[in-house]
Each structure stands twice: as C-alpha cells, then as structure tokens.
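Peer 1: Next one to model:
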Amino acid sequence: TGASALSLSGWGIYSDVGDQSYKFPDDCSVEAGEQVKVWSGKNAKRKSKGAGNLFWTARYMWNDNGDTAVLKDGSGEEVARVSEGGADEAAGAGAGDAEPPSVELSLDLKEDTVTVKNTG
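Peer 2: Next up, the predicted model:
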C-alpha cells in the first residue's frame, strides 16, 4: 500500500547508560522519508523550534563518548539503537507478528541530539 506515517505515540528514547529517557508526545508522527530531531543541552529550546524538532531538556544528555541511544516502541520493545560514531542497529524481529517499522536512528554528541527517521 506504500509508505506511511510512523506514530511515535508511547515511544521513547533511552540512554543505555544512566537513567535518561524521553517520551514522545502522543500526537507525534513522522511521515515516510521524514525525520524528527530531539534536542537537549544548551540552547536546545531555541534550536528545537519548527517542524521536525522536539525539545527534551536544557541539560546535556549525550555528552559522553560511547553513549548509546535506544529507541523503544510503546510496548517497551527495542526498535533501534545507536552509539556515537557507529552505525545504527535495527533491533531483531521480536516475538510479535507485526513487521518492525523501518527506522534509522542517529546520535550527534556535538549538537546533543537524537534523530529518528522513518525510512518506510
């Protein structure tokens, strides 16, 4: 039927080290081929304005080499993970029957952002 929007309602981004987490707003969705960038750190509120950008916190979340961001769906299943400087890794097929979403995850320590792209 073609590519479709990916609803991120109930989804979250988690740090693999520490207890940092971000929950996407219930009305958040990403059209096929589009992306959403989640900002944290100094000036994040200003930089997160406009379509495709979300504000997390003014605290730096991704300031350690080796940080890993994990994207989980509404049921807590891992969808993807990425470490700074490494390629994103899609999670393996889960026990459910549903086909996993086509998602790319990227982490930028300099901008202190995590980007979720709907590649579906």
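Peer 1: When you work out contacts or count neighbours from here on, use the C-alpha atoms and nothing else.
Peer 2: Will do.
Peer 1: By average pLDDT, which secondary structure element in this protein comes out worst?
Peer 2: strand 89-90 (a mean of 56; mean pLDDT, DSSP states H and E).
Peer 1: burial of residue 27, as a residue count?
Peer 2: Neighbourhood size, residue 27 [other C-alpha atoms under 10 Å]: 9.
Peer 1: contacting residues for residue 44?
Peer 2: 55-58 (C-alpha atoms under 8 Å, 6 or more residues apart in numbering).
Peer 1: again, but for residue 36
Peer 2: Residue 36 touches 30, 52-54, 115-117, counting by C-alpha under 8 Å, 6+ apart.
Peer 1: what's the closest non-adjacent residue to it?
Peer 2: Nearest non-adjacent residue to residue 36, counting by C-alpha to C-alpha, 6 or more residues apart in numbering: residue 52, 4.4 Å away.
Peer 1: Nothing else from me, thank you.
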